[in-house]
Every structure is written in C-alpha cells, then in structure tokens.
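*Asks:* structure for this input, please:
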Amino acid sequence: MDYKKIFEKYGDENFFIKTTASPRLDGALKVSLNRKGNALLNQGNIEEARRIFITTGYSDGLNRIGDYYESQGRLLDALKMYWIAPDHAKSKTIIIRLSEIIRKLLEEEKDTRNE
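*Replies:* Below you'll find the predicted structure:
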C-alpha cells in the first residue's frame, strides 16, 4: 500500500508519516545547515528552519520551533518538535494540556447526550 499517495491531499500536514532514514551529515555540513536554520528562524522563515532542524536533529532549534508553535496555539505541531528534540518536560506539558482538552470535549459530549 502506498501511504504517501493516501496522505498526498493533506500537503505539508503529513506529519503522521514516520520515516526512520535520516541522512548522514558530516560535522561541518551539519554546523553550516544549523547556522542557516538559525538565520532563517531569526528572519521569521519558520517552516524552512524547521525542515533544516529536523534534517540535522538540532535539538535547540527544534525546541525554539516548538516554542513558536506553542505560542501560536499549534499544540500538536509543538508537541512534535519537542518530541523530536527530545524535550520530555515540554512534551509532557503539552500532552497534559491536550489530554485536558480531550477530557473536556468528552464531558461536553456526554452532557449533550444526557439532555
């Protein structure tokens, strides 16, 4: 089954497709890419910086992207960045917040059914 074709209609929202192969980067290239990612992030080009930081595995950059997403209310995107970083403390905070939202939605659904 071609999973990429199934999810093509979602564009860049394909964050549920997990790939395990990451490119091998030598130290100098990794440093250069991280600098470029930092410059892009400072210019406000969040998505390009995100792509670079995911490629290089730069945890500080991933955390800063996660912080940006969280400030924009994009909790699932923030969680993904924190999880990849890995920043377990920030991931846990987001998971608790999302769990609370789901709990409230379920309670509202239950109350609506009981009316």
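
*Asks:* hey, C-alpha coordinates of stretch 78-91 in CSV?
*Replies:* Extracted C-alpha coordinates of stretch 78-91, given in CSV (Å, rounded to 0.1, in the frame of the first residue of the first chain):
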residue,chain,number,x,y,z
ALA,A,78,4.7,22.0,19.1
LEU,A,79,4.5,18.5,20.6
LYS,A,80,6.1,17.0,17.5
MET,A,81,9.0,19.4,17.7
TYR,A,82,9.5,18.8,21.4
TRP,A,83,9.2,15.0,20.9
ILE,A,84,11.9,15.0,18.2
ALA,A,85,14.2,17.3,20.2
PRO,A,86,13.7,15.3,22.6
ASP,A,87,12.5,17.6,25.4
HIS,A,88,10.5,15.4,27.7
ALA,A,89,9.5,18.2,30.1
LYS,A,90,7.9,20.3,27.4
SER,A,91,6.4,17.3,25.7
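
*Asks:* pLDDT on it, on average?
*Replies:* On average, the pLDDT along stretch 78-91 is 95.

*Asks:* and for stretch 98-115?
*Replies:* When pLDDT is averaged along stretch 98-115, the result is 86.

*Asks:* stretch 53-60 too?
*Replies:* Here the average pLDDT along stretch 53-60 is 94.

*Asks:* neighbouring contacts of it?
*Replies:* Stretch 53-60 is contacted from outside by 22-23, 25, 30, 33-34, 37, 52, 61-62, 65, 84-87, using CB atoms under 8 Å, 6 or more residues apart in numbering. Yep, even glycine has a C-beta here, placed from its N, CA and C like the rest.
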